[in-house]
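In: predicted model and sequence below, questions to follow.
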Amino acid sequence: MHFLEYYYKTVIKYDLVNKFFYKNINELPEIKKIILNFGGKNAKIKNFAATLLALELITTKKGIITKTKKPNLFLKIQKGKPAGCKVILKKKSMYNFLTTFLIEITPSLKNFLIFNKEFRSLNNFSFNLSGKELTFSELNDHYHLSKTLSYLNITIITNVQTKKELFFLLKSFNLPFKNSSKLK
């Protein structure tokens with residue numbers, strides 16, 4: 001069992017029960033999965049291969065190249081062309097990435113994550129990291145890969161019912177937030 005999973009089961013679950021007073025143990029919020037998505041800067045297949053390889057180095061999981069669903073004449077994007085790459089992390093690989101993110105990336109963040117009051121969906125929280133903020137130790141030996149990366153979109157998917165639960169759950173895992181006291 002991963003130590004973050006153990007921490008969730010032994011500490012965070014009890015904090016959630018004491019703060020929100022659940023009637024059923026199945027109502028407890030938890031992180032279900034984390035989706036990592038690199039957007040494509042250029043439409044060259046060489047750049048997509050580099051970003052896919054970087055994503056696989058970071059997560060040790062096989063990535064998927066995403067394709068465009070609709071054409072956009074203004075941006076000169078054709079339907080079915082590569083648009084980025086993504087990896088879906090669950091269970092142990094999710095906790096491994098979360099550990100790496102908390103230990104390596106979070107201390108170097110100058111701009112903290114802003115917890116907005118408005119969400120597209122209540123069950124997920126999404127934020128972007130620019131190429132300069134991506135200081136994963138796995139990419140240190142591969143400078144040619146790290147210079148082609150544009151931004152990493154990280155989406156954390158949960159099963160919460162309210163915004164307060166979402167904020168409490170993510171804050172319990174020590175994610176750095178700014179403007180947290182103004183949450184309704």
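Out: Everything's here; your move. Since the structure is predicted, the reported quantities are computational estimates derived from the model, not experimental observations.

In: worst-scoring helix or strand of this structure, pLDDT-wise?
Out: For the chain, the helix or strand with the lowest mean confidence is strand 113-114, at a mean of 59 (criterion: mean pLDDT, DSSP states H and E).

In: list the contacts of the most centrally placed residue in the chain.
Out: Centroid-nearest residue in the chain: I154, 2.5 Å away (criterion: C-alpha atoms, centre = their mean). By C-beta atoms under 8 Å, 6 or more residues apart in numbering, the residues touching I154 are 34-37, 101, 126-129. The way it works is simple: take the backbone N, C-alpha and C, and place the C-beta from them, glycine included.

In: out of these, name the ones that lie in strands.
Out: Among these, DSSP state E puts 34-37, 126-129 in strands.

In: which of the residues you listed lies closest to L55?
Out: L36 (6.3 Å; C-beta to C-beta).

In: quick check: which element contains the residue nearest to that closest one when sequence neighbours are not counted?
Out: Once flanking residues are discounted, L36 sits nearest to V87: 4.9 Å by C-beta to C-beta, 6 or more residues apart in numbering. Here V87 sits within strand 82-89, counting by DSSP states H and E.

In: strand partners (parallel or antiparallel) of that strand?
Out: Using DSSP bridges, strand 82-89 pairs in its sheet with strand 31-39 (antiparallel), strand 64-67 (antiparallel).

In: nearest to F173, out of those?
Out: strand 31-39 (7.7 Å).

In: average pLDDT for that closest one?
Out: The pLDDT scores in strand 31-39 average 86.

In: quick check: buried residues in it?
Out: For strand 31-39, burial by neighbour count (16 or more other C-beta atoms under 10 Å) applies to 31, 34-39.

In: picking up where we left off before, out of the contacts of I154, which is nearest to K9?
Out: Distances from K9 to the contacts of I154, taken by C-beta to C-beta, are shortest for I34, at 18.0 Å.

In: how many other residues sit next to the closest residue to that closest one other than its chain neighbours?
Out: Closest residue in space to I34, ignoring its immediate chain neighbours: L89 at 4.5 Å, by C-beta to C-beta, 6+ apart. A count of nearby residues for L89, using other C-beta atoms under 10 Å, gives 21.

In: with P29 instead?
Out: Neighbour number of P29 under other C-beta under 10 Å is 22.

In: likewise for Y95?
Out: Y95 has 22 nearby residues by other C-beta under 10 Å.

In: how about H2?
Out: 15.

In: contact partners for it?
Out: Contacts of H2 (C-beta under 8 Å, 6+ apart): 92, 95-96, 99.

In: what about it, distance to T162?
Out: 27 Å (C-beta to C-beta, to the nearest Å).
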